[in-house]
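Novice: sharing a sequence plus its predicted fold:
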There are 2 protein chains.
Amino acid sequence: MTRAARLFGAVEAGGTKFVCAIGDETGAILSESRFPTTDPAATLAAVRAFFTEHRTHRLAAIGVGSFGPLILDRTSAKYGCIGKTPKAGWTDVDIAGMLAREFACPVGFDTDVNAAALAEHRWGAGQAAASLVYLTVGTGIGGGVLVDGMPLHGLMHPEIGHIRPRRHLLDEKFAGICPFHGDCLEGLASGPAIVARSGSELSQLDAAHAQWEIQADYLGQLCAQLVLTVSPQRIIMGGGVMAQERLFPGIRRRMQHWLGGYIDRAEILDDVDRYVVRPALGARAGILGAIGLAMSAAGTA
Amino acid sequence: MTRAARLFGAVEAGGTKFVCAIGDETGAILSESRFPTTDPAATLAAVRAFFTEHRTHRLAAIGVGSFGPLILDRTSAKYGCIGKTPKAGWTDVDIAGMLAREFACPVGFDTDVNAAALAEHRWGAGQAAASLVYLTVGTGIGGGVLVDGMPLHGLMHPEIGHIRPRRHLLDEKFAGICPFHGDCLEGLASGPAIVARSGSELSQLDAAHAQWEIQADYLGQLCAQLVLTVSPQRIIMGGGVMAQERLFPGIRRRMQHWLGGYIDRAEILDDVDRYVVRPALGARAGILGAIGLAMSAAGTA
């Protein structure tokens, strides 16, 4: 049986750049445009211009994956808005509301990392895992969580990057760089934290440098905490820091160390190489995730 | 409009006692029986006898809330069984399968703490919170998680009691008592851990004793980690240790401390007395949760 392909709009709303696209439910992108994030008025005007230009496509829905924090509580008058952010002018900006009003279609809205989690589940490294975590370790540390294929929300959305790992024995002096917490995970193991501690990016450091061991331990603790709280069927780790693929074996070992044999599942004890994995979609996860959010909003999921 | 009340069976399968009951969807219990947990054959025979005796009720479904670990992965051949447990003879015991075969009705099956979370959501302290965490702090530390009203599963179920808090400055010498992890949360803050550290139960210790501060800090860290990972709309804390109500203010303060103002929500910053709360159902949460699981299995949820 064939049918006319339904088309979806997608917005990847990042702190430094926006991507707008039109795609279908196979994840194929028909048209795409990218531009820098400036002030909200100019940036949203560019988003509006993109979808106005593509108006003939009669989109089934539009999905938006955005930098946070976001108001995702549907009982809130501010549902769909960006929350209190240090990014000048962006607090309370209502991207989803603007799109729904202007283009009269359902709008799906979620965090960039929840969107990436959805994309990896539909088309990437999480295809057999309806409950998974997508982590990005780069300028910051963030995580999206799917439970039974649905992005997790509650009071807000996960803010996984700010949990507190135990300090590594070789890292007792570094104060960490998170402006809120100092030595939370993001303050200790993000890209800028690595540079602040060691004076260099991870990729420039010798394999024997303690930074590798410290980094693997902190990220292994993160994975262990996630196993014990949200119990994902898979953990996908991307972002600039994770481009250093030799981190993975150490992270897996340290996750197993911190779990101490307590979670009696082959996925953790034996097949750990398939449990903590690289993303399959790379930098495409953001915009594809927004297509996925649109599909969910249109009710085709 | 009136209708004939539908009736549900319920089993609270605990490590020391079993409770069997018949109830309706208002949470009213019509009949109940309790007996000690012995070997699986004798214990399941008593469960079977209870429901055989009440066969005339034509139950819409039976719910089972059980001690764990449990196999909740529906693709597993062992779905519904108890996992590897030190409790002699109970590994691989299939309570749910036995009930489904013998009484030819849908059977809902979940952890005791997920069941308690469901009960508090339907009839107790979590009625306005579809995403919540129910914690029990007693002989052990366990947690159930609801996301949009549904108990959270993935690879397994949450095992929240085994996360690793940072060690409190006044508690650097105690090794902890968890046989798997030593100083995980359960190893540091369960009832037996308090006794092992201080030689006394919390209720016997003077209000100025450091144990109160240590305990509040560890449980506050637990709450903060949960806010950052599963983002509940409410955290309900029960169990024997939490009968010491004066723990609550300290736990709330320490949760706020560890979050460091990062989660910009009134629930955390201002109304925290309504965010971290006591259970409303007390010891009834277990059997009522099993009624809730039966209702979900029957499709009336």
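Specialist: Okay, I see it.
Novice: which helices and strands does the helix or strand hosting A:Ala196 pack with?
Specialist: Using DSSP states H and E, A:Ala196 sits within helix A:191-198. Contacts defined by 3 or more Cβ pairs under 8 Å, 6 or more residues apart in numbering or on different chains; DSSP states H and E place helix A:191-198 against helix A:210-229. Any C-beta I mention is one placed from the backbone N, CA and C, and that applies to glycine too.
Novice: how about the residues of the stretch 51-200 of chain A near chain B?
Specialist: The stretch 51-200 of chain A has residues A:69, A:83-84, A:131-132, A:145, A:147-148, A:150, A:152-160, A:162-164, A:166-167, A:180-181 near chain B, with proximity defined as Cβ under 8 Å from any Cβ of the partner chain.
Novice: are any of those residues buried, and which?
Specialist: The neighbour count (16 or more other Cβ atoms under 10 Å in any protein chain shown) marks A:69, A:83, A:131-132, A:145, A:147, A:150, A:152-160, A:162-164, A:167, A:181 as buried among these.
Novice: what's the distance between A:Gly154 and A:Asp271?
Specialist: Distance, A:Gly154 to A:Asp271, using Cβ to Cβ, to the nearest Å: 30 Å.
Novice: list the contacts of A:Ala193.
Specialist: If you count contacts by Cβ atoms under 8 Å, 6 or more residues apart in numbering or on different chains, A:Ala193 has them with A:174, A:176-177, A:186-187.
Novice: how about A:Gln127?
Specialist: Taking Cβ under 8 Å, 6+ apart, one finds A:His121 in contact with A:Gln127.
Novice: how about A:Asp148?
Specialist: Residues in contact with A:Asp148 (Cβ under 8 Å, 6+ apart) are A:130-131, B:150.
Novice: A:Gly89 too?
Specialist: A:39-40.
Novice: and it, that's in a strand?
Specialist: No. Looking at A:Gly89 with DSSP: H, G, I helix; E, B strand; the rest coil, it is coil, so not inside a strand.
Novice: circling back: export the contacts of A:Asp148 to a markdown table and tack on pLDDT?
Specialist: Below are the contacts of A:Asp148 laid out as a markdown table (pLDDT from 0 to 100):
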| residue | pLDDT |
| --- | --- |
| A:Ala130 | 94 |
| A:Ser131 | 96 |
| B:Met150 | 94 |
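Novice: show me where the stretch 1-150 of chain A has strands.
Specialist: In the stretch 1-150 of chain A, the strands defined using DSSP state E, counting those that start in this stretch lie at A:7-13, A:17-24, A:29-36, A:61-66, A:107-111, A:132-137, A:141-147, A:150-151.
Novice: and the shortest one, which strands flank it?
Specialist: Each strand that pairs with strand A:150-151, with its direction, by DSSP bridges: strand A:141-147 (antiparallel).
Novice: isn't A:Glu213 up against A:Leu170?
Specialist: Yes. Counting by Cβ atoms under 8 Å, A:Glu213 touches A:Leu170, with 6.8 Å between them.
Novice: quick one: which of these two has more around it?
Specialist: More neighbours surround A:Glu213 than the other of A:Glu213 and A:Leu170, with 16 against 12 (other Cβ atoms under 10 Å in any protein chain shown).
Novice: just want the most central residue of chain A.
Specialist: Geometric centre of chain A, nearest residue: A:Val113, 1.8 Å, by Cα atoms, centre = their mean.
Novice: about what we covered before: starting at the chain centroid, how far to the helix holding A:Ala196?
Specialist: 21 Å (Cα atoms, centre = their mean, to the nearest Å).
Novice: buried stuff in it?
Specialist: Neighbour counts using 16+ other Cβ under 10 Å place A:191, A:193-194, A:197-198 of helix A:191-198 among the buried residues.
Novice: taking strand A:132-137 as reference, get the angle to it.
Specialist: 50 degrees (axes from the mean of the first three to the mean of the last three Cα atoms, to 10 degrees).
Novice: tell me the contacts of the spatially closest residue to A:His257 that is not a sequence neighbour?
Specialist: Counting by Cβ to Cβ, 6 or more residues apart in numbering or on different chains, A:Gly220 is the residue found nearest to A:His257 once chain neighbours are left out, at 6.7 Å. The neighbours of A:Gly220, taking Cβ under 8 Å, 6+ apart as the test, are A:250-258.
Novice: for A:Gly220, give its distance to chain B.
Specialist: As judged by Cβ to the nearest Cβ, to the nearest Å, A:Gly220 and chain B stand 12 Å apart.
Novice: nearest to chain B among the contacts of A:Gly220?
Specialist: A:Trp258 (6.6 Å; Cβ to the nearest Cβ).
Novice: before we move on, back to that, out of the residues of the stretch 51-200 of chain A next to chain B, list just those in helices.
Specialist: In this view, those have no member that belongs to helices under DSSP state H.
Novice: how near is the nearest residue to A:Glu245 once chain neighbours are set aside to A:Glu12?
Specialist: Sequence neighbours aside, A:Arg278 is the residue nearest to A:Glu245 in space, at 7.1 Å (criterion: Cβ to Cβ, 6+ apart). Distance, A:Arg278 to A:Glu12, by Cβ to Cβ: 20 Å.
Novice: now for the closest residue to chain B within the stretch 201-301 of chain A, how many residues are close by?
Specialist: Nearest residue of the stretch 201-301 of chain A to chain B (Cβ to the nearest Cβ) works out as A:Ser231 at 3.8 Å. A:Ser231 has 23 neighbouring residues, counting by other Cβ under 10 Å.
Novice: ok, it - contacts?
Specialist: A:Ser231 neighbours (Cβ under 8 Å, 6+ apart): A:131, B:152-159.
Novice: in a markdown table, list those along with distance to B:Leu288.
Specialist: Below are the contacts of A:Ser231 laid out as a markdown table (distance: Cβ to Cβ, whole Å):
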| residue | distance to B:Leu288 |
| --- | --- |
| A:Ser131 | 26 |
| B:Leu152 | 19 |
| B:His153 | 20 |
| B:Gly154 | 25 |
| B:Leu155 | 27 |
| B:Met156 | 24 |
| B:His157 | 19 |
| B:Pro158 | 20 |
| B:Glu159 | 23 |
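Novice: phi and psi next, for the nearest residue in space to A:Ile71 that is not next to it in sequence.
Specialist: Leaving aside its sequence neighbours, A:Ile71 sits nearest to A:Lys78 (Cβ to Cβ, 6+ apart; 4.4 Å). Per-residue torsions, A:Lys78: phi -100, psi 20 (degrees, to the nearest 10).
Novice: can you pull the contacts of A:Lys78?
Specialist: Counting by Cβ under 8 Å, 6+ apart, A:Lys78 makes contact with A:71, A:92, A:94.
Novice: surely the second one touches A:Thr85?
Specialist: No. Contact status for A:Asp92 versus A:Thr85: not in contact, 9.3 Å apart, counting by Cβ under 8 Å.
Novice: of those two, who's got more company?
Specialist: Neighbour tally, A:Asp92 and A:Thr85, criterion other Cβ under 10 Å: the higher count belongs to A:Thr85, 17 against 13.
Novice: now the more buried one: how far from A:Gly65?
Specialist: 16 Å.
Novice: try A:Gly143
Specialist: 14 Å.
Novice: neighbour count winner among these two?
Specialist: More neighbours surround A:Gly65 than the other of A:Gly143 and A:Gly65, with 34 against 31 (other Cβ under 10 Å).
Novice: just to revisit the earlier point, biggest separation within the contacts of A:Ala193, which pair?
Specialist: A:Phe174 and A:Glu186 (13.3 Å; Cβ to Cβ).
Novice: the more surrounded of these two?
Specialist: Legend: neighbour count by other Cβ under 10 Å for A:Phe174 and A:Glu186, higher for A:Glu186 (25 against 18).
Novice: next, the more buried one: phi, psi?
Specialist: Per degrees, to the nearest 10, the backbone of A:Glu186 is at phi -60, psi -40.
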